[in-house]
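*Asks:* dropping the sequence and predicted coords here.
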Amino acid sequence: MKIAVIGAGFGGLSAAYDLVKAGHQVTVFEASSTPGGLASGFKAPGWKWSVEKFYHHWFTSDKHMFGLIRELGLEKKVRVRSPKTVMYFKDRFYPFDSIPSAILYPGLGYGINKIRFGLVGVYLRLTKNWQPMEKVTVAEWMRKWAGSKVYSEMWEPMVIGKFSEQYASQVNMAWMWARLHARTTKLVTYEGGFQAFADDFTAILTQMGVKFAFETSVEGIQQNATTGTLTLKSVHGEEEFDKALVTLSPKQLSKMAPQLEGDYLKGLLELKNLGAVVMILSLKHQLSREGYYWYNLPKAAGFPFLALVEHTNFLPSEYFNGEHILYCGDYLVEGHEYFNLSQEELVERFIPSFKRINPDFQPDWINKVWLWKTNYAQPVPLVNHSRNIPAIETPIKGLFFASMSQVYPWDRGTNFAVEIARRAVRVMLKQ
């Protein structure tokens, strides 16, 4: 069969890999000039490694990702690190990346609160029974089992930061279960950065016979009533395919396939998600005196973004020409002012926070700034969310869908993008 894959993110590349191995003719369409999707990166002059536009890392528990890497014969390029994560409490930052550090964290108080926190953490790590948790919100479940203080000091700031005031009280507990159940303190990257992995993967696929159409956005997918084939319309014209897999956002699918209708289309349009704004800075000096990597920043404390990540406390600055790389990132609702502010305006907003991390910081430490924005970064899982997940097989015969919005209860990430895409291929090939 002649099959189209729309989107050259890690999911789209994985689908193309399985399809070409099964003997099909595969063309991957990608609107940008490079593969990688939201995990793609860029290089400044003098850098040996790329930097992801939207910060990414793998966890050592990401079995789908590492299974794929082993199949590709690229496991020698995997790099494992144990960077330091900190939590904010009363104008100070405290390590929060191990059981001993969690016990010492003063924000949880003492005695029963820490015992409840520990027991809840152990339970969520061990249980696989997540389905009942999607019937209640994080707030309801955590207040009941961990206690109001543990919830308000520990979990509530994170959920608000992740999902905004608008959705924080509506997010279901299964999402929190998945986050705590699957993640590890050891983090993983790829030699050269995630863009290097996407490039290596693309080169392997090209050798296998996969065709790539970069800088080619698909504007429409129409089923031919006579032949049953799918006509893909792009900026370069029209082409017929037997089947197609879309790996983009639900909204993009709905616009791309005007023949979608009924409950399936309604479900796509009703799904909620947040966008992301990420600023990357190259600094002359290290910001964190202690060598911290990930700062969880509560909005209630006046920080203008969710997370500050000093990338070169995870990877050596020598990879980046001796520069110190800093991420300032946030998940934001559609229409948030950050999507409209200029780079200069956002830098002015963010700079005061750097001095809260390191009082010695000065604006002239900044070498260069990059700003990246996307409207689709974080699906929002509401109560009973499993009933809202779009099917991989759409009502249009031969058209399939695999996206971050279908990996639930798992949180978004490249590991689960690979899993959903490879699962979609199995569905496609069963027909």
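*Replies:* Noted; the coordinates are in hand.
*Asks:* switch to C-alpha atoms for all contacts and neighbour counts from now on
*Replies:* Will do.
*Asks:* mind listing the helices for the chain?
*Replies:* 10-21, 63-72, 99-104, 112-126, 138-145, 148-150, 156-167, 173-182, 194-208, 250-256, 262-270, 343-357, 414-430 (DSSP state H).
*Asks:* domains of this protein?
*Replies:* 2-46+56-67+191-271+390-430, 98-182, 273-379 (automatic domain parsing).
*Asks:* mean pLDDT lowest for which of these?
*Replies:* Mean pLDDT values for these show the minimum at domain 98-182, a mean of 89.
*Asks:* quick one: that one to chain centroid distance?
*Replies:* 21 Å (Cα atoms, centre = their mean, to the nearest Å).
*Asks:* what do you get for stretch 173-192?
*Replies:* Centroid separation for stretch 173-192 versus its chain: 11 Å, with Cα atoms, centre = their mean.
*Asks:* what of stretch 184-196?
*Replies:* Distance, centroid of stretch 184-196 to centroid of chain: 14 Å (Cα atoms, centre = their mean).
*Asks:* about what we covered before: among the domains of the chain, which is nearest Ser82?
*Replies:* domain 273-379 (7.7 Å; Cα to Cα).
*Asks:* span of that closest one from start to end?
*Replies:* One end of domain 273-379 sits 4 Å from the other (Cα to Cα, to the nearest Å).
*Asks:* before we move on, what about stretch 376-384?
*Replies:* By Cα to Cα, one end of stretch 376-384 lies 22 Å from the other end.
*Asks:* what does that stretch rub up against?
*Replies:* By Cα atoms under 8 Å, 6 or more residues apart in numbering, the surrounding residues in contact with stretch 376-384 are 134-137, 163, 167, 170-172, 175, 249, 271-276, 331, 404-405, 408, 412.
*Asks:* now Ser217: phi and psi?
*Replies:* phi -80, psi 140 (degrees, to the nearest 10).
*Asks:* test my guess that it contacts Gly237.
*Replies:* No: assessed by Cα atoms under 8 Å, Ser217 is found out of contact with Gly237, at 10.7 Å.
*Asks:* who has more neighbours, those two?
*Replies:* Ser217 (17 against 10; other Cα atoms under 10 Å).
*Asks:* picking up where we left off before, between the domains of the chain, which gets nearest to Val86?
*Replies:* Shortest separation from Val86 across these is recorded for domain 273-379, at 5.2 Å, computed as Cα to Cα.
*Asks:* which among the contacts of stretch 376-384 end up buried?
*Replies:* 134-137, 163, 167, 170-172, 175, 249, 271-276, 331, 404-405, 408, 412 (16 or more other Cα atoms under 10 Å).
*Asks:* can you tell me which of the residues you listed are in strands?
*Replies:* Asn273, Leu274, Gly275, Ala276, Tyr331 (DSSP state E).
*Asks:* out of the residues you listed, flag the one nearest to Lys2.
*Replies:* Taking Cα to Cα as the measure, Asn273 is the one of those closest to Lys2, at 32.4 Å.
*Asks:* any idea how far Leu332 is from the closest one?
*Replies:* Counting by Cα to Cα - Asn273 and Leu332 are separated by 9 Å.
*Asks:* try Ser82
*Replies:* 28 Å.
*Asks:* look at those two and report which has more neighbours.
*Replies:* The residue with more neighbours, out of Ser82 and Leu332, is Leu332; 26 against 14, by other Cα under 10 Å.
*Asks:* that one pairs with what?
*Replies:* Using DSSP bridges, the beta-bridge partners of Leu332 come out as Gly275.
*Asks:* pretty sure it is touching Val278, no?
*Replies:* No: if you go by Cα under 8 Å, Leu332 and Val278 don't touch, sitting 10.5 Å apart.
*Asks:* coming back round to it: need the domains of the chain in TSV (columns: distance to Phe89).
*Replies:* Shown next, in TSV, are the domains of the chain (distance: least, Cα to Cα, whole Å):
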stretch	distance to Phe89
domain 2-46+56-67+191-271+390-430	26
domain 98-182	6
domain 273-379	9
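*Asks:* Lys77 is nearest to which of those domains?
*Replies:* The nearest among the domains of the chain, by Cα to Cα, is domain 2-46+56-67+191-271+390-430 at 5.0 Å.
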